[in-house]
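# just to be clear, the model below is a prediction. Sequence and coordinates:
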Amino acid sequence: MKRTLRAVCSVVDPRIWLHMLRILHFYGYSHVLPRRRVTMGAGVRMAPNTSIRNGERVSIGSGTRIGERCCLWAGDDHGRVDIGRHTLLGPGVFITASNYRMLPEIPATYQPKDEKDVRIGTDVWLGAGVTVVAGVTVGDGCVVGAGAVVTRSLPEGSIAVGAPARVVGRRGPTGRTPDVHPGTGRESDLAVFAIVAATAEGTADTGHGHREAEWLSTSQS
């Protein structure tokens, strides 16, 4: 009886309904309204909880997929976020075209911002939780492992992991596999990529990572 009474009181509490209105308002200004201003090619798929800032300075190429909880934050003044065609953004990718300065004796909330364009190329795969900061270009065909922080531009075809992101290989002819072979001393880089990158995109075939891990184990035995 007490549980039922608590449930009824929760439903009729006006603060609950007020909070729902705040959530709707947030969804409106963080996704619905700015999405209308984004330049998008044909066949773009974007999760409904993608956060967008200044959509008029965001462009997304055809066939690109944006995973859940991604943030595409263009600058308030001129910084752009441009994403190429057939690119994958795993869950939680954060891309920003602006950054606060770190001037002394000025509180963080009052720091001026620097804005620089961000370009994500065509046929790029950014794993879950990747951060790309202002001024960075991720070249065509790059693969960035889950959780990486990209602070410098990556050349075309690079495979990068870590914070800050470092290039550990090149995208080979078979796709998303670093050009690393047994006995080169870089097997650990392959292990990192195989485990975190294969699970980076929500719809990815995680068996890829297991196959690479098995290859690594066999090559070292």
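That came through fine. Everything quoted here is computed from the prediction, not taken from an experiment.

# ok, the residue most central in space within the chain - contacts?
With distances taken as Cα atoms, centre = their mean, V93 lies nearest the centre of the chain, 1.7 Å away. V93 sits next to I66, G67, C70, C71, L126, A128, G129, V130, T131, V132 when contact means Cβ atoms under 8 Å, 6 or more residues apart in numbering. C-beta here means a position set from N, CA and C on the backbone, and glycine is covered the same way.

# can you add neighbour count, secondary structure and pLDDT and give the residues you listed back as JSON lines?
Formatted as JSON lines, the contacts of V93 follow (neighbours: other Cβ atoms under 10 Å; DSSP: H, G, I helix; E, B strand; the rest coil; pLDDT from 0 to 100):
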{"residue": "I66", "neighbour count": "23", "secondary structure": "strand", "pLDDT": "97"}
{"residue": "G67", "neighbour count": "23", "secondary structure": "coil", "pLDDT": "96"}
{"residue": "C70", "neighbour count": "23", "secondary structure": "coil", "pLDDT": "97"}
{"residue": "C71", "neighbour count": "17", "secondary structure": "strand", "pLDDT": "97"}
{"residue": "L126", "neighbour count": "32", "secondary structure": "strand", "pLDDT": "97"}
{"residue": "A128", "neighbour count": "23", "secondary structure": "coil", "pLDDT": "96"}
{"residue": "G129", "neighbour count": "18", "secondary structure": "coil", "pLDDT": "96"}
{"residue": "V130", "neighbour count": "27", "secondary structure": "coil", "pLDDT": "97"}
{"residue": "T131", "neighbour count": "21", "secondary structure": "strand", "pLDDT": "98"}
{"residue": "V132", "neighbour count": "26", "secondary structure": "strand", "pLDDT": "98"}
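
# pull up the gap between the residue nearest to the centre of the chain and I106, please.
Going from V93 to I106 by Cβ to Cβ, to the nearest Å gives 30 Å.

# what ranges do the helices span in the protein?
2-12, 14-27, 33-36, 187-197, 207-220 (DSSP state H).

# average pLDDT for the shortest one?
Going back to what we said before, that points to helix 33-36. Computed over helix 33-36, the mean pLDDT rounds to 95.
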